[in-house]
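*Asks:* no sequence on this one, just coordinates:
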Ligand code: NAP
Ligand code: MG
């Protein structure tokens, strides 16, 4: 069995060595999960609901431990890490209501009764990226378990620790053994085996569009269900009629949150040309004010990037002759630090079109509403975006015209556990979260029951 070193990205110190699951290990886990799923699905709905609430309660009792582990493994600021752990609890609580509400339909037909059932799929494989290990795992496992499935999670190799702890907490909470298993390992081994194993009935994949495309192609061989949450190059559109001070003050947090390692990052700021110069004057102090440093300290707003390899990838977008408008601060010394960076590239430049997944934002001027919409949509991605305007009609028109799954007007919010989340175009397939997520972990079964017409009484 091979192993992998997990590194603290703020200090470059070795945190732990994790054993990687091999193909035989995946196959054994799938077999155990299958058996556990049958037992789980037969349990009374109220019992399954209670088990998920117990899991949520145990997560709640370990928020500090989970958060500290994420700070160490991923370099997330402690305030964000606490939110992420609390979010796992909230997602579990929200979907704990599902088992008792997953009702089918009764459809009027001739000659009998017709009813539908939402049957669980069986074993679901969840493949997560390194940027938000806890929330993204929970978006898959909570509704899947709630709908009566077993779940196997393959965390990203760089950031497995909080997912592994969640696996232990599920057992501590009394969830049936093997119903929820976390299998650290390589994407090319564990992830690939999820795709190929006939008893894994659905893949929930979050990560790059490149790997997501390969997962979808692999799943096609078995007509396996997939949900994909992929990359983004989202637009923050600033119109001349908005509260420009607030738009500028909040723009850094719309892109530099989690050091820009966020699929929803508003990594293109589109600014109406007649307010462009004023906006840049307001943006500069806001960017320089982002508190970058030790993620373990309360008040830190941005930590390091996740790894040396990823920092090199981000840095490739800021060569010496890059059109840098201004930059914020970052610590020097050990750690994979990168300062918040504002670029003013041309529309077709690589920094303006490719997902950088780091604290680098491209600011681009536009002429009018039509130009803003065209520019916002000039990407193969379509995940999120923001629209800043005080004109209600314009806000509504532009919200409908931007091809993206998650938009916010005069804010940068995009993820709430009770509203649907996902991408247009190459940003994904299917939706997570919200009231309907459990249905994507079920098959609809239709049952017709013949009922002879009432006998005539003489
Ligand atoms: P990635 O390379 O696509 O990896 C994502 C996951 O897939 C990891 O667990 C990875 O394992 C695994 N994997 C790799 N090759 C695989 C294969 N052949 N078969 C099955 N699984 C495989 O993405 P990343 O580098 O971790 O994350 C960055 C990307 O994710 C960005 O593009 C970002 O936009 C996207 N993302 C999207 C969302 C969203 O909700 N839309 C959220 C977060 C991130 P290893 O760890 O072993 O590589
Ligand atoms: Mg990768």
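*Replies:* Thanks, I have it. Fair warning: this is a prediction, and the values are worked out from it, not measured in the lab. Ligands and ions are numbered 1, 2, ... in the order given.
*Asks:* Am I right that residue 90 sits in a helix?
*Replies:* Yes. Under DSSP: H, G, I helix; E, B strand; the rest coil, residue 90 falls within a helix.
*Asks:* Offset the numbering so it begins at 26, please.
*Replies:* Okay, using 26 as the starting number, the last item reads as residue 115.
*Asks:* any idea how far ligand 1 is from it?
*Replies:* Counting by CB to the nearest ligand atom, to the nearest Å, the gap from residue 115 to ligand 1 is 17 Å. (Each C-beta comes from the backbone N, C-alpha and C, glycine too.)
*Asks:* Need the pLDDT of that residue.
*Replies:* For residue 115, the pLDDT comes out at 98.
*Asks:* list the contacts for it?
*Replies:* The contact partners of residue 115, by CB atoms under 8 Å, 6 or more residues apart in numbering, come to 81, 442.
*Asks:* can you give me the helices for the stretch 276-425 of the chain?
*Replies:* Assignment of helices within the stretch 276-425 of the chain using DSSP state H, counting those that start in this stretch yields the ranges 301-313, 333-340, 375-378, 394-401, 417-426.
*Asks:* To residue 472, which of the ones you listed lies closest?
*Replies:* Ranking the helices of the stretch 276-425 of the chain by proximity to residue 472 (CB to CB) places helix 417-426 first, at 39.7 Å.
*Asks:* just how off-centre is that closest one within its chain?
*Replies:* 26 Å (CA atoms, centre = their mean, to the nearest Å).
*Asks:* My guess is residue 353 contacts residue 311. True?
*Replies:* No. With contact defined as CB atoms under 8 Å, residue 353 does not reach residue 311; the gap is 9.2 Å.
*Asks:* who touches both of these two?
*Replies:* By CB under 8 Å, 6+ apart, the residues touching both residue 353 and residue 311 are residue 277.
*Asks:* Settle it for me: which of the two has more neighbours?
*Replies:* A direct count of neighbours by other CB atoms under 10 Å for residue 353 and residue 311 places residue 353 higher, at 22 against 19.
*Asks:* Excluding covalently adjacent residues, which one is nearest to that one?
*Replies:* In space, and not counting its chain neighbours, residue 353 is closest to residue 365: 3.6 Å by CB to CB, 6 or more residues apart in numbering.
*Asks:* what's the answer for residue 241, then?
*Replies:* Per CB to CB, 6+ apart, closest to residue 241 is residue 251, 5.5 Å.
*Asks:* do the same with residue 455
*Replies:* Counting by CB to CB, 6+ apart, the residue nearest residue 455 is residue 252, at 3.8 Å.
*Asks:* Assumed that neighbour was part of a strand.
*Replies:* Yes. Assigned with three-state DSSP, residue 252 falls within a strand.
*Asks:* Report the separation between it and ligand 1.
*Replies:* Relative to ligand 1, and taking CB to the nearest ligand atom, residue 252 is found at 10 Å.
*Asks:* With residue 414 instead?
*Replies:* 26 Å.
*Asks:* now residue 158
*Replies:* 10 Å.
*Asks:* quick one: pLDDT of that residue?
*Replies:* 98.
*Asks:* Surely it and residue 179 touch.
*Replies:* No. Look at residue 158 against residue 179 with CB under 8 Å: they stay out of range, at 11.3 Å.
*Asks:* Over to the residue nearest to residue 243 when sequence neighbours are not counted. Which of the three states is it?
*Replies:* Residue nearest to residue 243 in three dimensions, not counting chain neighbours: residue 220, with 4.0 Å by CB to CB, 6+ apart. Classification of residue 220 by three-state DSSP places it in helix.
*Asks:* Quick one: name the residues of the stretch 326-475 of the chain near ligand 1.
*Replies:* 380, 382, 408, 448, 453 (CB under 6 Å from any ligand atom).
*Asks:* Show the buried residues in the residues you listed.
*Replies:* The neighbour count (16 or more other CB atoms under 10 Å) marks 380, 382, 408, 448, 453 as buried among those.
*Asks:* could you redo the residues you listed as JSON lines and give each row pLDDT?
*Replies:* Below are these laid out as JSON lines (pLDDT from 0 to 100):
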{"residue": "380", "pLDDT": "98"}
{"residue": "382", "pLDDT": "98"}
{"residue": "408", "pLDDT": "97"}
{"residue": "448", "pLDDT": "97"}
{"residue": "453", "pLDDT": "97"}
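*Asks:* tell me which of those is nearest to residue 478?
*Replies:* residue 453 (49.6 Å).
*Asks:* quick one: contacts for the closest one?
*Replies:* Applying CB under 8 Å, 6+ apart, the residues near residue 453 are 237, 252, 253, 254, 255, 408, 430, 447.
*Asks:* Find the nearest non-adjacent residue to the last one, please.
*Replies:* Distance criterion CB to CB, 6+ apart; nearest residue to residue 447, sequence neighbours excluded, is residue 456 at 4.0 Å.
*Asks:* Surely the one you found is in contact with residue 449?
*Replies:* No. Between residue 456 and residue 449 there is no contact under CB under 8 Å: 10.9 Å.
*Asks:* list the residues that contact both of these two?
*Replies:* Joint contacts of residue 456 and residue 449 (CB under 8 Å, 6+ apart) are residue 430.
*Asks:* and residue 278, how many neighbours does it have?
*Replies:* Neighbours of residue 278 under the rule other CB under 10 Å: 14.
*Asks:* got the contact list for stretch 352-367?
*Replies:* 34-37, 100, 277, 281, 284, 308-309, 312-315, 317-319, 327, 329-333, 335-336, 339-340, 343, 349-351, 383-386, 388.
*Asks:* Can you go through these and name the buried ones?
*Replies:* Among these, those classed as buried by 16+ other CB under 10 Å are 34-36, 100, 277, 281, 284, 308-309, 312, 315, 317-319, 327, 329-332, 335-336, 339, 343, 351, 383-386, 388.
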